[in-house]
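Student: Sequence and predicted structure are below.
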Amino acid sequence: GQQVMQIPQYQHVQEGEDFTTYCNSSTTLSNIQWYKQRPGGHPVFLIQLVKSGEVKKQKRLTFQFGEAKKNSSLHITATQTTDVGTYFCARNQAGTALIFGKGTTLSVSS
Amino acid sequence: GAVVSQHPSWVICKSGTSVKIECRSLDFQATTMFWYRQFPKQSLMLMATSNEGSKATYEQGVEKDKFLINHASLTLSTLTVTSAHPEDSSFYICSARETAGSTEAFFGQGTRLTVV
């Protein structure tokens, strides 16, 4: 299956700054999911986006799904040290397995 | 949420030996489980789909004879790395969904394999 492209690969910010990671696909996605993996940990589900143009918020996190359903973004407002980790977007393969993007690793300095 | 337990969390083995990793769904039945491999600072790469009571489906480039998968019950899938080599050293992680239509995938804690 085709992997979703994710940028940037790494991002370092000062605590309080905003952060955004982008996910792009060459084909239309039925839905897209976002996961967070802390250093040494396993991926934890954050959210799924299904509808064209959908925007969902979880506290300081804002998730968007593009109108064409080919791209998505995760934006964190006023980052905190607890936001450190790698954020992955993932698409479903054949409705079951997840195919992950390369991830964006966020580091935050206080 | 549902719990997926993976064991062991880390293992060191000698080259040429085999290592078995277990993945259990603790509070739900999983007819399908997924095995991923993650190299340092890289993404999770799908290795295979484990199907209860039938053969696993392997992704392209994954050697089925080297990575043996057995899904003998609705709550247990095992991955055996046979004749391990140092290049097999990696983080192996399983996942499952409560039902085929479930949105969220739950992941085991992962197994860090080091082959010396």
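Tutor: Cool, the structure landed.

Student: in what helix or strand does the residue nearest the centre of chain B lie?
Tutor: Centroid check for chain B by Cα atoms, centre = their mean gives B:W35 as the closest residue, at 3.6 Å. For B:W35, the element it lies in under DSSP states H and E is strand B:32-38.

Student: in what helix or strand does the closest residue to the residue nearest to the centre of chain B other than its chain neighbours lie?
Tutor: Take B:W35 and drop its neighbours on the chain: the residue closest to it by Cβ to Cβ, 6 or more residues apart in numbering or on different chains is B:M47, 4.6 Å away. Heads up, the C-betas are built off the backbone N, CA and C, glycines and all. If you go by DSSP H and E, B:M47 is part of strand B:44-51.

Student: And that strand, what does it pack against?
Tutor: On a contact count with 3 or more Cβ pairs under 8 Å, 6 or more residues apart in numbering or on different chains; DSSP states H and E, strand B:44-51 meets strand A:97-100, strand B:32-38, strand B:57-58, strand B:67-73, strand B:76-81.

Student: Deepest in the core, which of those is it.
Tutor: strand B:32-38 (a mean of 24; mean count of other Cβ atoms under 10 Å in any protein chain shown).

Student: contacts for that strand?
Tutor: With contact meaning Cβ atoms under 8 Å, 6 or more residues apart in numbering or on different chains, strand B:32-38 is reached by A:96-98, B:23, B:25, B:44-52, B:67, B:69, B:71, B:77, B:79, B:90-97, B:100, B:105, B:110.
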